[in-house]
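K.L.:
Just a sequence and a predicted model for now, questions to come.
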Amino acid sequence: MSSVAEKIDLSLKLTGHYNEVKEKLFEGSPDIINNQRKKAFQDFIMQGLPTRKNENYKYTNVQPSFAPDFKYFHSREQKDVDLHEVFKCNIPQLDTHLVLLQNGWYYEGNSQVGQLPEGVILGSLGQVATSHPNIFEEHYSQLADTSEDALLALNTAHAKDGFFLYVPKNVVIEKPIQVINLMQADVDAFVTQRNLIIAEQGASAKLIFCDHTLNPKRYLSNSATEIFVKENARLDCYITQNQHNRSTSINNIVIRQERDSTIKTNTITLHGGLVRNNLKVILDGENCQADVFGMAFLDKNQHADNFTQIIHAKPHCLSNQVYKNVLDEKATGAFAGRIHVVKDAQKTNAFQRNNNLLLTDEATMQTKPQLIIDADDVKCSHGATVGQIDEEALFYLRARGINEKDARLMMMNAFAHEVVQNIDVEPLRERIDDLIDKRLQGEISRCHDCDYNCEC
Amino acid sequence: MEEQDKILNEVTQGEYKYGFVTDIETEIIEKGLNEDVIRLISSKKEEPEFMLDFRLKAFHQWQKMEMPDWAYLKIPPIDFQAISYYAAPKQKPKYESLDEVDPELLETFNKLGIPLEEQKQLAGVAVDAVVDSVSVKTTFKETLAEKGIIFCSFSEAVQEHPDLVKKYLGTAVPSTDNFFGALNSAVFSDGSFCYIPKGVKCPMELSTYFRINAANTGQFERTLIVADEDSYVSYLEGCTAPMRDENQLHAAIVEIIALDRAEVKYSTVQNWYPGDKNGKGGIYNFVTKRGICRGESSKISWTQVETGSAITWKYPSCILIGDNSVGEFNSVAVTNNHQQADTGTKMIHIGKNTKSTIISKGISAGLSDNSYRGLVKVLPNAVNARNFSQCDSLLLGDTCGAHTFPYIEVGNKSSIVEHEATTSKIGEDQIFYCNQRGISTEDAIGMIVNGYAKEVLNKLPMEFAVEAQKLLQISLEGSVG
């Protein structure tokens, strides 16, 4: 299989599909969304489906994931089943505004959103585009640069619906908002999800994004999220990825920060066949802070690639990145982080760290931490390590009477906890700590709460 | 004290002092590149058949290749047909004694401070001088021959030691390796060849000195170093070019092969003409350097001080095949004015217990861009491999850029790879401290930069270290304020 031929084939296939369903895509969507479609698709054709020849996809081959004949969801599917009955998030004590999405579409039967402060707009992307055209037009597709990433372009071309949140000036949403995208189809499915989040001046919110596969069909989820964090606003965004081994999850998140704003993201990958997370943070105002964390815990043939870009466009900002991977069996991990300090963004502090543990000889890790610095008064550093547990530390523990197995577990837990501790929602943090612990002890090798034992 | 004054003087001059042109008759072939040109070069050098085949194979491959664009460099398009691929001082290139060498040429080397004359025994360096792609003079040949060491120009090696050349040529850098590598393989005119036999420790430093003199030519030389079992050699390379307004291309290849327990130390002080303050002229330095640690416990270490060239694009690499082999890369790269550099290394760990160290210090000033790009790859069989990389960048001024692009690929669990990078500027408090003690800001920066680069400069042989220190100061001249 030559990759070039394959690339052309798959790109052609997607082009064919686009032309075939064009009418359906445009139908029922407001102009604001439709206007972006054409250019986005042209951008996709120009770039083609990424191959490993593409520098940004050097370590992740997405081609095979696009090969199956997928079912697409270009219009809303009506289901009589109450999704709240089908799926219940079982994290103890987690009290959230719960929003369900079904195959990328906002679920109309959402009944557990709860009471939100006045002025907050939460709902379906497609519907808000019609009901609040001004806010929508000002923001939609302003951050997603379709000429930069082919899969982001494909998302923009396919986008119909997803999650929308608008938090007005100085409004604080205390409880986290949990957005769960449930993937459920009777055949292999291609899910497109498009989210838009706007936090106005001084606003504050916490978001938890989860993806769940409800059966062992092959899923390809191509999601994109644009997040605007305005002056002095604060936004936390936690992403937990827990899908079965035949699924592919592609996430594009673009965040733009205005002055004095703070963001925190934490991407926890516990399961998933192929996971690709593109995260771009633009610090576009003075005195911004961005804390970006991520962790992947992989085994079997799983693959996770975290691709981050932190752009320091204005002076006096701080960014901090910590990404960790624990790779077992034949898992492969990749990390590409780029800090770009634009000219004149003086007094920038930008730090990045990537630590990886390889537990077997079959596991591989590829990391590419990069610095592009065009200003002189900066403090920037990056560090990357690939290795094993520190033997000396292990010896220290054993010298104190802890047996080797426990000592190893303890150290691996600690390794992961550095990332997990940055989750500010306590029940979620405890749950993830718990899951990691179980995973390390070998108690569960599959997704929690999943009846399908997919050993693929 | 006097020595210091001299350095200070040189520093304050701050111009590229090697920019003169020597008036010697040069033989230049027509511009352009095609199969005939390659046959012409080969026949001029009276090469055996296998060399011509090697060249043609490389050329055919080159025609199919495109100039890569992945580096963080802005390279104006190069017209490969507007370059002359062969230029040589016209006098017959074989000299029996110094008296026969063109006096102009000798004068050139004296100006450059290169000890071509054998009476300069004290310098203790054997030199192979290459002007416009042709080896002019190799010193100390006889002394070395006593030990069985072969050190001569490449063309001579092709004539006299064809088996060795045939055996090792292209084994580290295959003729089809990359765009500029293929170009070099097709048209290279001369270079140095060095063979250290089994168990021999080379008693003196070997050195190649490259000089571009003619206009509108490219320089394509090739160095091949073979260190047989248990041998040791330290090799130096230096280079300069006249100041010209147009850009000149330098695409060289250096191949090192280290067999069991052999050690090769390769040091470069690269000082091609960097172009003037407005970025006009200068050398494009696109070089492929690669060493193979083929034998067990062998060691190759690259040390480079890069201060010249308008554009530098080079990645001296080590392929660690032998078990317990060691690769080292130490680099100081300075860019000023409009210079651009994208340099770094590749460490490919294949054998067991292989170790590599990368120390890279980048210094950017003026409007320049300085990038480190490196790959550390540990193959699944390379158990217990170990790498440590440190890449520091120093920024002088707010108009320059410093970039770091490391690639780390690890394929087994017993290996440990660490990478660290920092970017910063010289602290105002440090400069203030020096000012307070009566040291001018410019000198203070020179001192601090030298201290910063010390870790690498210390690895250079003595003569080179002194030269490198001076170079650092000159290169940064005028970058203050």
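P.N.:
That came in fine, so what should we check first?

K.L.:
switch to C-alpha atoms for all contacts and neighbour counts from now on
P.N.:
OK.

K.L.:
Now for B:A182: which residues touch it?
P.N.:
Residues in contact with B:A182 (Cα atoms under 8 Å, 6 or more residues apart in numbering or on different chains) are B:A58, B:F59, B:Q61, B:W62, B:S175, B:T176.

K.L.:
From chain A, how far out is it?
P.N.:
B:A182 sits 21 Å away from chain A, going by Cα to the nearest Cα, to the nearest Å.

K.L.:
That residue sits in which helix or strand?
P.N.:
Take DSSP states H and E as the rule and B:A182 turns out to sit in helix B:179-187.

K.L.:
can you list the weak-confidence ranges in the stretch 351-481 of chain B?
P.N.:
Within the stretch 351-481 of chain B, the ranges that satisfy pLDDT under 70 run B:463, B:474-481.

K.L.:
on that earlier part again, next SSE after the helix holding B:A182?
P.N.:
Toward the C-terminus, helix B:179-187 is succeeded by strand B:190-196 as the next helix or strand (DSSP H and E).

K.L.:
quick one, the helix or strand following that following strand and strand B:190-196 angle?
P.N.:
Proceeding N to C from strand B:190-196, the next assigned helix or strand is strand B:205-211, under DSSP H and E. Here strand B:205-211 points in a direction 170 degrees away from that of strand B:190-196 (axes from the mean of the first three to the mean of the last three Cα atoms, to 10 degrees).

K.L.:
What pLDDT does the model give the residue of the stretch 51-200 of chain A found nearest chain B?
P.N.:
Here the residue of the stretch 51-200 of chain A nearest chain B is A:E55; by Cα to the nearest Cα that distance is 8.6 Å. pLDDT for A:E55: 87.

K.L.:
for B:S97, same thing?
P.N.:
For B:S97, the model assigns a pLDDT of 50.

K.L.:
next one: A:I444
P.N.:
59.

K.L.:
again, but for the one 3 residues further on
P.N.:
On pLDDT, A:C447 comes in at 51.

K.L.:
Could you pull out the buried residues of stretch B:42-58?
P.N.:
By neighbour count on 16 or more other Cα atoms under 10 Å in any protein chain shown, the buried set for stretch B:42-58 is B:S42, B:E47, B:M51, B:L52, B:F54, B:R55, B:L56, B:K57, B:A58.

K.L.:
could you give the mean pLDDT of it?
P.N.:
Throughout stretch B:42-58, pLDDT has a mean value of 89.

K.L.:
End to end on that stretch, go ahead and measure it.
P.N.:
When the termini of stretch B:42-58 are compared using Cα to Cα, to the nearest Å, they are 13 Å apart.

K.L.:
do the same with stretch A:256-265
P.N.:
End-to-end distance for stretch A:256-265, by Cα to Cα: 13 Å.

K.L.:
In contact with B:Q469, which residues are there?
P.N.:
By Cα under 8 Å, 6+ apart, the neighbours of B:Q469 are B:N450, B:L457.

K.L.:
List the ones among the buried residues of stretch B:42-58 that fall in helices.
P.N.:
Counting by DSSP state H, those place B:S42, B:M51, B:L52, B:F54, B:R55, B:L56, B:K57, B:A58 in helices.

K.L.:
So which bits of chain A are right by chain B?
P.N.:
Residues of chain A lying near chain B by Cα under 8 Å from any Cα of the partner chain: A:343-344, A:357-388.

K.L.:
Checking the residue in the stretch 251-400 of chain B that chain A sits nearest to next. Helix, strand or coil?
P.N.:
Residue nearest to chain A within the stretch 251-400 of chain B (Cα to the nearest Cα): B:D398, separated by 4.8 Å. Going by DSSP: H, G, I helix; E, B strand; the rest coil, the secondary structure assigned to B:D398 is coil.

K.L.:
count of neighbours near it?
P.N.:
For B:D398, the count of nearby residues is 19 (other Cα atoms under 10 Å in any protein chain shown).

K.L.:
A:F209: neighbour count?
P.N.:
Using other Cα under 10 Å as the criterion, the residues surrounding A:F209 number 16.

K.L.:
Likewise for the one 10 residues further on?
P.N.:
By the measure other Cα under 10 Å, the count of residues near A:Y219 is 30.

K.L.:
is it possible to export the ones in helices among the buried residues of stretch B:42-58 to JSON lines including distance to chain A?
P.N.:
Shown next, in JSON lines, are those (distance: Cα to the nearest Cα, whole Å):
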{"residue": "B:S42", "distance to chain A": "37"}
{"residue": "B:M51", "distance to chain A": "34"}
{"residue": "B:L52", "distance to chain A": "33"}
{"residue": "B:F54", "distance to chain A": "29"}
{"residue": "B:R55", "distance to chain A": "29"}
{"residue": "B:L56", "distance to chain A": "28"}
{"residue": "B:K57", "distance to chain A": "25"}
{"residue": "B:A58", "distance to chain A": "24"}
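
K.L.:
Columns distance to B:E66 on top of those, output as JSON lines?
P.N.:
Listed next are these as JSON lines, based on distance: Cα to Cα, whole Å:
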{"residue": "B:S42", "distance to B:E66": "24"}
{"residue": "B:M51", "distance to B:E66": "24"}
{"residue": "B:L52", "distance to B:E66": "23"}
{"residue": "B:F54", "distance to B:E66": "20"}
{"residue": "B:R55", "distance to B:E66": "18"}
{"residue": "B:L56", "distance to B:E66": "17"}
{"residue": "B:K57", "distance to B:E66": "16"}
{"residue": "B:A58", "distance to B:E66": "14"}
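
K.L.:
So which residues make contact with stretch B:43-63?
P.N.:
Counting contacts by Cα under 8 Å, 6+ apart, the residues outside stretch B:43-63 that touch it are B:35, B:38-39, B:42, B:155, B:158-159, B:166, B:175-176, B:179, B:182-183, B:185-187, B:189.

K.L.:
Among the residues you listed, name the buried ones.
P.N.:
Applying 16+ other Cα under 10 Å to the contacts of stretch B:43-63 flags B:38-39, B:42, B:155, B:158, B:175-176, B:179, B:182-183, B:185-187, B:189 as buried.

K.L.:
Kindly indicate which of these lies nearest B:I311.
P.N.:
Of all those, B:F179 has the smallest distance to B:I311: 16.1 Å, by Cα to Cα.

K.L.:
do you know how far that closest one is from B:K167?
P.N.:
For B:F179, the distance to B:K167 equals 23 Å [Cα to Cα].

K.L.:
Which residues are in contact with A:T262?
P.N.:
Residues near A:T262 by Cα under 8 Å, 6+ apart: A:V229, A:N232, A:A233, A:R234, A:L235, A:C288, A:Q289, A:A290.

K.L.:
Backbone dihedrals for it, please?
P.N.:
Backbone torsions for A:T262, taken as degrees, to the nearest 10, come to phi -130, psi 140.

K.L.:
again, but for A:K264
P.N.:
With angles defined as degrees, to the nearest 10, A:K264 sits at phi -140, psi 130.

K.L.:
my read: it touches A:V281, true?
P.N.:
No - A:K264 is beyond contact range of A:V281, at 10.4 Å (criterion: Cα atoms under 8 Å).

K.L.:
anything in contact with each of the two?
P.N.:
A:A290.

K.L.:
Within range of chain A, give me the residues from the stretch 301-450 of chain B.
P.N.:
Checking the stretch 301-450 of chain B against chain A by Cα under 8 Å from any Cα, the hits are B:380, B:395-425.
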